[in-house]
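A.B. asks: no sequence on this one, just coordinates:
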């Protein structure tokens with residue numbers, strides 16, 4: 001966990017200094033440290049041996065499963081050090097779907113597929129407007145006056 005926080009801090013410092021990416025040396029060093037930590041973790045959490053006369057993979061500990069996922073998906077886990085447009089965490093994505101999940105939980109879902117699609121479009125449009133820096137009340141007012149604010153599909 002400390003390594004990921006160090007990576008995040010390095011990315012933030014590079015962004016503050018106006019850099020568009022980390023140096024190749026820094027990325028290589030971080031990747032090496034990441035793989036070394038995964039290797040240590042694998043040694044400390046060895047795989048369970050196959051069980052005789054059973055099908056499928058043997059059940060592993062949660063720690064081992066996490067390590068295997070971190071190893072398999074290294075490029076996705078470290079994407080934020082390669083591309084500064086990718087956030088360190090997925091909190092924004094979770095916030096974007098929270099209202100949809102809350103509506104499902106409270107009312108048990110939507111009455112129709114069309115209602116769910118309309119709800120999703122409205123929430124998606126509002127979320128995009130907010131991310132693009134527009135005032136939501138002004139945007140809704142303009143929409144009802146017949147002058148909707150066009151959504152930019154390109155990141156700003």
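C.D. replies: Arrived safely, thanks for sending. Only a predicted model underlies this, so the values are computations on that prediction, with no experimental measurement involved.

A.B. asks: C-alpha only now, for contacts and for neighbours.
C.D. replies: Will do.

A.B. asks: least confident secondary structure element in the chain?
C.D. replies: Least confident helix or strand of the chain, by mean pLDDT, DSSP states H and E, is helix 91-107 with a mean of 65.

A.B. asks: so what does the helix or strand encompassing residue 130 touch, helix or strand wise?
C.D. replies: Using DSSP states H and E, residue 130 sits in helix 113-131. Here helix 113-131 touches helix 91-107, helix 136-144, going by 3 or more CA pairs under 8 Å, 6 or more residues apart in numbering; DSSP states H and E.

A.B. asks: can you give me phi and psi for residue 59?
C.D. replies: Main-chain torsions, residue 59, degrees, to the nearest 10: phi -70, psi 140.

A.B. asks: show me the contacts for the closest residue in space to it that isn't next to it in sequence.
C.D. replies: Nearest residue to residue 59 in three dimensions, chain neighbours excluded: residue 48, at 7.0 Å (CA to CA, 6 or more residues apart in numbering). Counting by CA atoms under 8 Å, 6 or more residues apart in numbering, residue 48 touches 58, 59, 60.

A.B. asks: what's around the second one, how many residues?
C.D. replies: In terms of burial, residue 59 registers 13 neighbours under the definition other CA atoms under 10 Å.

A.B. asks: ok, now residue 71?
C.D. replies: 16.

A.B. asks: same deal with residue 19?
C.D. replies: Residue 19: 13 surrounding residues under other CA under 10 Å.

A.B. asks: how much space between residue 2 and residue 37?
C.D. replies: Distance from residue 2 to residue 37, counting by CA to CA, to the nearest Å: 11 Å.

A.B. asks: also residue 81?
C.D. replies: Distance from residue 81 to residue 37, by CA to CA: 17 Å.

A.B. asks: of the two, who's got more company?
C.D. replies: In this view residue 81 and residue 37 are compared by other CA under 10 Å, and residue 81 has more residues nearby, 25 against 14.

A.B. asks: which ones are touching that one?
C.D. replies: The contact partners of residue 81, taken as CA under 8 Å, 6+ apart, are 7, 8, 11, 21, 22, 27.

A.B. asks: quick check: the first one touching residue 30?
C.D. replies: Yes: counting by CA atoms under 8 Å, residue 7 does reach residue 30; the two are 7.3 Å apart.

A.B. asks: so for the most far-flung residue of the chain relative to its centre, what's the pLDDT?
C.D. replies: Distance to the chain centre peaks in the chain at residue 53, reaching 39.5 Å (criterion: CA atoms, centre = their mean). Looking at residue 53, its pLDDT is 78.
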